[in-house]
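Participant: Sequence plus the predicted model coming up.
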Amino acid sequence: MKTRSVRSASAVLLGVCGLTLFSIAVILLFIMALLAGRGHYHRLLLAKPLRSYAPALISLDAIEQFCEDEFLLTYEQRRLSSASTAYQQCQVTLVGTNSYYPALLGYQLLSGSFFTKQAWDTKSRHAVLNETAAFTLFGSNKIVGKTIKLDGETWLVSGVLRDNDENNLIYIPSINNAQSASVSALIALLAPERGISETYAKNTLKALGVQEAMYMFVNMENMVNLYWEWLFAALKLALCVLFGVFTPAILHRIKVTALVFMDTLKQQYLKDSIAMRRKELLRIIAMTSFLLASLAFCLTLLSQVLAECLYWHSFPWTNEDFRSAILKAAPSLLYHL
């Protein structure tokens, strides 16, 4: 008797621990799904060289020409620099890119504007500060038209960008970034309604030397949607487990009710038994119908989870870059990869 009591207490404790851990996992998945920032990745396709390959770097002029002929691309080139104003000096990260960068990533300009295609073509020294750098160097985001010195050279501030980055970032035309005159990783904007699907983009990017044999392609919108898919899959499994927990009790209740009806049937005719035990009979029918419907529902949920698992299996999980992308899902994903 004592042994049975100990086993029962252990089972309850394990059940409570399992439920607690599962609840924590669901809450974390929900928080990560909310923070994933779908807006930054809408219709974006990332192309990044695999670590086992070293493809030729793509020239900036080739990228700009490609944007005019095919569809929009953007990228990042980062390097550390020293920035100074009349009142402040600090170390910043210069982000060389093209004029399409904020539009593709969905970043909001707090004041002014991002540098234009014309500014890129003419190598104009136009700088766009992120909100962090603006307040670090000027104490305000109302700084359009002011000047800043980067590595001793004077630049005109054309705008302030909200990129949700706590680091001091300054965006400049990549054509001015002398230390790096080409790029490898790219972000492409998909537009299925105009025929620019993921497959079309992959095939067209071959003109720049971006091929699947040497590059990892990640649909960034699908990537952040994985958080929601994991969350819903966990909830589906939770419903199936919940059904499994309550099934023995429902079966026991059906059995007890059925035995009562059968005892009456032994003593009375079927018609009289049904009349006397109508509530019990209806209860048996209702519980059996509920059990069968719940079983069918759980099998449907399990089949959906299985199909999702097969879909997830198609992602390059063995790639370290992809795993880090899934875990971070940071706005500046191109750089973190």
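Facilitator: Structure received.
Participant: buried ones in stretch 69-80?
Facilitator: E70, F71, L72, L73, T74, Y75, E76, Q77, R78 (16 or more other C-beta atoms under 10 Å). Glycine gets a C-beta too; all of them are placed from N, C-alpha and C.
Participant: cool, stretch 112-125 as well?
Facilitator: Buried residues in stretch 112-125, defined by neighbour count with 16+ other C-beta under 10 Å: G112, S113, F114, F115, A119, W120, S124, R125.
Participant: show me where pLDDT drops low in the stretch 1-150 of the chain?
Facilitator: Applying pLDDT under 70 to the stretch 1-150 of the chain flags the ranges 1-19, 22, 25-26, 28-40, 52-54.
Participant: quick one: what helix or strand has the residue at minimal distance from the centre of the chain in it?
Facilitator: Here the mean C-alpha position of the chain is nearest to the C-alpha of V224 (C-alpha atoms, centre = their mean), at a distance of 1.2 Å. Assessed by DSSP states H and E, V224 sits inside helix 220-267.
Participant: So if we follow the domain assignment, how does the chain break up?
Facilitator: Structural domains annotated on the chain: 24-37+223-328, 58-183, as defined by automatic domain parsing.
Participant: I'd like those domains as a markdown table, with distance to Q211 appended.
Facilitator: Below are the domains of the chain laid out as a markdown table (distance: least, C-beta to C-beta, whole Å):
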| stretch | distance to Q211 |
| --- | --- |
| domain 24-37+223-328 | 15 |
| domain 58-183 | 12 |
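Participant: And the ones you listed: which comes nearest S197?
Facilitator: domain 58-183 (10.7 Å; C-beta to C-beta).
Participant: start to end distance for the closest one?
Facilitator: End-to-end distance of domain 58-183 (C-alpha to C-alpha, to the nearest Å): 5 Å.
Participant: And stretch 80-100, by the same measure?
Facilitator: With C-alpha to C-alpha applied, stretch 80-100 spans 22 Å between its terminal residues.
Participant: Now do the buried residues in it.
Facilitator: Going by 16+ other C-beta under 10 Å, stretch 80-100 has these buried residues: S81, A83, T85, V92, T93, L94, V95, G96, T97, N98, S99, Y100.
Participant: Which helix or strand contains the fourth one?
Facilitator: Read that as V92. Assigned by DSSP H and E, V92 falls within strand 89-97.
Participant: And that strand, what does it pack against?
Facilitator: The contact analysis (3 or more C-beta pairs under 8 Å, 6 or more residues apart in numbering; DSSP states H and E) places strand 89-97 against strand 77-84, helix 131-137, strand 169-173.
Participant: sorry, back to before: wait, which of the buried residues of stretch 69-80 is closest to L259?
Facilitator: F71 (70.9 Å).
Participant: can you pull the contacts of that closest one?
Facilitator: Residues near F71 by C-beta atoms under 8 Å, 6 or more residues apart in numbering: A188, L189, L190, A191, I196, A201, T204.
Participant: Cool, thanks, talk later.
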